[in-house]
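[1] any chance you could fold what I've pasted below:
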Amino acid sequence: MTTSAPTVLIVDDEAKNRDLLAVLLEPGGYDTTSAASGEEALCSVACEAPDLILIAQTMPGIDGCQVATILKANPATENIPIIMVTGMEDIGMRQAGLAAGAGEFVSKPVDPAELGLRVRNLLRLKDMGELEGQVLVLEQQVAARTADLLRFRTAMNATPDAIMLVSRDTMRFVEVNDTTCTMLGYTHAEMLTLGPVALGAATHEELEQMFEPAMGGRIKPRLSEVTLHCKDGGLVDVEIHRQALLSGNDWIIVSVMRDITERRRAQESLQYQASHDVLTGLPNRAWFHEALHSTLMMTQGAGPRVAVMFLDLDRFKNVNDTLGHAMGDELLVQFSARLATCIGERDTVARLGGDEFGLILMLDRDAGRAATVAGRIAEVLYPPFNLRGFEVIVTASVGITVHPQDGADPEVLIKYADTAMYEAKHAGRDTYRFFTAQMNADALQRQDLEHALRKAVENDEFELYYQPKMLLGPDTIVGMEALLRWNRPGHGLVSPALFVPVLEETGLIVRVGRWVIDSACRQIKAWTLGTTGPMQVSVNIAGRQFAEGDLEGDVTRALAEHGVPAALLELELTETSLMINTERTMQCLSNLRARGIEVSVDDFGTGYSSLAYLRRFPIDKLKIDIAFIRDVTTNADDAAIVNAIITMAHSLNVQVVAEGVETIGQKAFLVAHGCDQIQGYLVSRPLPAHMVAKLIALRAANEQASLMA
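    Predicted coordinates for the structure are as follows:
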């Protein structure tokens, strides 16, 4: 029996742990010494054997198990009780400690009461006879294992993950936690009668394959995703982390499962959103490109031909501008539903963005099917769309390219289909066009033109010409129309018919239009200060200047900066531009007209020609299009139309200007029917600004000569 204070050797590689254990042992009256490593502990024991060793199981160098093995192998030290301190709940590690000779285990964080109890018990065992000591050891082992099992089950049930232990011998569950039972709907007792095969987690063969590497010493954790069958017939998607452990003579697979049903739904939702258009539910541009790549791969060699179609709704912007974007979205949804009815099961339709759609058609041997589908699209568009009580008629322009004759590369086919679609638009819209080599050349030419125009804006390559307007009766020049000209470097003057539409389509017209207004006002000021005198100048305004620019601000700033009276500036608009964003347009024109600026409608008779909008908008003049003036003396219909326009305009107190007057006969007809002003080559061609003064002076000299004669 020990009569003096028992000595305890504390072994741990961390000083704070050694100090803590020494403090916890002080109430028991023990003499404590310490060692910072397994090697130092062996040296200390060799010098003076303690009554008990309290050692960390895991340490650098010689760990606790190795120290215990060495001491138990030596008859001089084999009876020294050893308590191992561990932070692990691993059964295998504890088995290794017991095998090495540990009599007890204390888990971190160390419970002082438990530590004192285990130290006292082992010291008592040492003082008692060997038989009684063995009995106590067995009892302590049973108690420890019972406590371990209790802690293990408590830990299992505390985790939100499902845990299942499968026996290699029975292929059934030997333990499951409460989360598993809740997830699958079985009781604990029911689960222990089942195995992974019954739940769909694995087949018998798959289980064998899991155990084989473990039994061969190659124990590797595995992570996989499976779908489990619940008791009520439902399914649950889980992520399983599996690891095989040796337990006695049996192998156990520990499976930790996490419900990933919501995660999978979120992933599927993200995948769908990444490949589909949110508004229409159709596949999007990215998906369309991938589908085209896949389709062409499958149709290589002697496979069926494929057509790629690009489709764009004509004047869709007008719907957004007049009815609002919500109505525009509704139109796209309804159109998508109609478009889907035009294709077959093997075909593909996608929304590429905005009001542009793409189709992939399987043609087999009949290339004419693409034209048939294009015709079908026109048919389904014919009935008006009902947008919350508003009936809207929509047409589409369709471009078609065919694989393989037009190209084998998906990107080339897409480019060619887009080119053909724009050709359909230039052909008047509401039609379709197949791609040709000439279309590609035209597209490249247009691209070059657009690039050159952007440089022209930056390099100030534009200039204004002026065409006179003559007041009939006194035949005096009363105004000028400012006409945009482009002197392209290396090309000379470019026809406005070529570059103005490109300015409008690209939106550059807003910036150029601002320059035109400013330049015209500057010229008005110059004429006013010179011999020409005050001269009213009209400038052409594009619809995009209302929708995207600040027309009212541009005009106001130009007049103020150059000190020009508002009455000397006139704005010319086409009928089409008046109908775009009508409320905003009308407000802007009303504000400008209130300042004294006159407004005229250009090319009258070629657009809507509606008396209703003439009454609605603040208009001062109508310009009769040259198409009606050209044959006014030889074509009775044209003569009747011109007479009707003059009569209608005068009834609304609106003046009339005839464009394109080239002959004395045309002038005589217009005088006879009360036209107010004329404009055309009979008066003068468009002139550079410096030639206008000469023209005015020449006409004044001729009038003076006539009076003197």
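
[2] leaving out sequence neighbours, find the closest residue to the residue positioned nearest the centre of the chain.
    Nearest residue to the geometric centre of the chain (C-alpha atoms, centre = their mean): Ala274, 7.3 Å. Counting by C-beta to C-beta, 6 or more residues apart in numbering, Ala274 lies nearest to Ala286, which is 7.2 Å off, once chain neighbours are set aside. (Each C-beta comes from the backbone N, C-alpha and C, glycine too.)

[3] quick one: contacts for Met327?
    By C-beta atoms under 8 Å, 6 or more residues apart in numbering, the residues touching Met327 are 319-320, 387-388, 390, 392.

[4] what about the residue nearest to Ala274, how many neighbours?
    Neighbourhood size, Ala286 [other C-beta atoms under 10 Å]: 13.

[5] where are the low-confidence patches of the stretch 251-400 of the chain?
    Under the criterion pLDDT under 70, the flagged ranges of the stretch 251-400 of the chain are 301-303, 364-367.

[6] helices along that one, start to end?
    Using DSSP state H, counting those that start in this stretch, the helices of the stretch 251-400 of the chain run over 261-275, 285-298, 316-323, 325-340, 368-381.

[7] can you list the ones you listed in JSON lines and add distance to Leu670?
    Shown next, in JSON lines, are the helices of the stretch 251-400 of the chain (distance: least, C-beta to C-beta, whole Å):
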{"stretch": "helix 261-275", "distance to Leu670": "63"}
{"stretch": "helix 285-298", "distance to Leu670": "54"}
{"stretch": "helix 316-323", "distance to Leu670": "34"}
{"stretch": "helix 325-340", "distance to Leu670": "43"}
{"stretch": "helix 368-381", "distance to Leu670": "42"}
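
[8] what is the burial count for Gly344?
    9.

[9] Ala417 now?
    As a measure of burial, Ala417 has 24 neighbours, counting by other C-beta under 10 Å.

[10] between the contacts of Met327, which has the most around it?
    If you rank the contacts of Met327 by neighbour count (other C-beta under 10 Å), Val319 sits at the top with 23 neighbours.

[11] and that one, what is it in contact with?
    For Val319, the contact set (C-beta under 8 Å, 6+ apart) comprises 327-328, 331, 387, 392, 394.

[12] quick check, nearest of those residues to Ala15?
    For the contacts of Val319, the residue nearest Ala15 by C-beta to C-beta is Gly328; the value is 74.4 Å.

[13] the closest one reaches Phe316, doesn't it?
    Yes - between Gly328 and Phe316 there is a contact at 6.8 Å, judged by C-beta atoms under 8 Å.

[14] just to revisit the earlier point, quick one: which two of the contacts of Met327 are the most distant?
    Asn320 and Arg388 (14.6 Å).

[15] and stretch 338-355, what's buried?
    Neighbour counts over stretch 338-355 (16 or more other C-beta atoms under 10 Å) mark 338-339, 342-343, 347-352, 355 as buried.

[16] ok, of those, which one's closest to Val197?
    Among the buried residues of stretch 338-355, and counting by C-beta to C-beta, the member closest to Val197 is Thr348, at 41.9 Å.

[17] partners of the nearest residue to the closest one once chain neighbours are set aside in the sheet?
    Distances taken as C-beta to C-beta, 6+ apart put Ile360 closest to Thr348, at 4.0 Å, once the chain neighbours are dropped. Counting by DSSP bridges, Ile360 forms beta bridges with Val308, Thr348.

[18] pretty sure Ile360 contacts Glu290?
    No - using C-beta under 8 Å, Ile360 makes no contact with Glu290, being 10.9 Å away.

[19] between those two, point out the one with more neighbours.
    Neighbour totals were compared for Ile360 and Glu290, and Ile360 leads with 23 against 13 (other C-beta under 10 Å).

[20] where does the stretch 451-600 of the chain have low pLDDT?
    Residues of the stretch 451-600 of the chain that meet the criterion pLDDT under 70 lie in 579-582.

[21] how about the strands of it, start to end?
    462-471, 476-488, 492-494, 536-541, 569-574, 598-604 (DSSP state E, counting those that start in this stretch).

[22] separation between the residue nearest to Ala274 and Met297?
    Relative to Met297, Ala286 is positioned 17 Å away (C-beta to C-beta, to the nearest Å).

[23] can you check Val494 too?
    45 Å.
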